[in-house]
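Asker: need a 3D model of the following:
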Amino acid sequence: MGQEAFPIEDGVRTKRCPACKTRKPLDQFPKNRSTRDGYAAYCKPCHNRQGRENKIKNHGGTRHYHLKARYGITAADAERMLHSQDGRCAICHERPADHVDHDHLTGRVRALLCFNCNGGLGQFRDDPELLAAAIEYLGGHEGAMAKERAASLRPS
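Answerer: Residues are numbered from 1 along each chain as shown. All right, here's what the predicted structure looks like:
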């Protein structure tokens, strides 16, 4: 089926969505190379609604779906991890743990982290040598930095 199969309305090629039963411009349909016409059957709003409904029906919700799809764990697994960490980040132990940390090479889940600690590991590309170099760097500047902080806190 080629482009000639799409009726033209007001100079725009259109397609009918079987869910909402309306004819819409082609740009309102997701592209899909596996279909004969190259577009999904349902318009974008219907396609998105159907995807959400399927995630709820088949997986119990979008959170469950993403945890399973991205990390191979269930929401119950994540809740157990959170409980074992007392709800806190596995690194700083200060902030709530709301991000799943995983090894990007193996996909293995390590723990739950706060936003800052998770982002910090990402910035250091999960590289222990790079993190060790950062620790050494901070250690070498600790004395000067502590003096600067103390000086800035003294009343003028």
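Asker: could you chop this protein up by domain?
Answerer: Annotated domains of the chain cover 16-59, 86-153 [automatic domain parsing].
Asker: as CSV, those domains with mean pLDDT and distance to Y65 would be great.
Answerer: Where C-beta positions appear, they are placed from N, C-alpha and C, glycine not excepted. Listed next are these as CSV, based on pLDDT from 0 to 100; distance: least, CB to CB, whole Å:
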stretch, mean pLDDT, distance to Y65
domain 16-59, 93, 4
domain 86-153, 89, 14
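Asker: spit out the contact partners of R95.
Answerer: Contact analysis of R95 by CB atoms under 8 Å, 6 or more residues apart in numbering lists R88, C89, C114, F115, N116, C117.
Asker: will you turn the domains of the chain into a markdown table that also has distance to R80?
Answerer: A markdown table is the format used below for the domains of the chain (distance: least, CB to CB, whole Å):
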| stretch | distance to R80 |
| --- | --- |
| domain 16-59 | 18 |
| domain 86-153 | 10 |
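Asker: picking that back up, what is the nearest of the contacts of R95 to L105?
Answerer: C117 (19.2 Å; CB to CB).
Asker: helix, strand or coil for the closest one?
Answerer: helix (DSSP: H, G, I helix; E, B strand; the rest coil).
Asker: go on, K15?
Answerer: Going by three-state DSSP: K15 is strand.
Asker: for it, what are its contacts?
Answerer: F6, R23, K24, L26, F29, D37, Y39.
Asker: ditto for L121
Answerer: I91, D101, L113.
Asker: and the second one, bridged to which residues?
Answerer: Okay, so that is D101. A111 (DSSP bridges).
Asker: thinking again about what came up before, in TSV: the contacts of K15, plus neighbour count, secondary structure and distance to K68.
Answerer: TSV is the format used below for the contacts of K15 (neighbours: other CB atoms under 10 Å; DSSP: H, G, I helix; E, B strand; the rest coil; distance: CB to CB, whole Å):
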residue	neighbour count	secondary structure	distance to K68
F6	19	coil	37
R23	14	strand	37
K24	18	strand	33
L26	16	helix	33
F29	23	coil	28
D37	15	coil	32
Y39	19	strand	29
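Asker: no further queries at this time; thank you.
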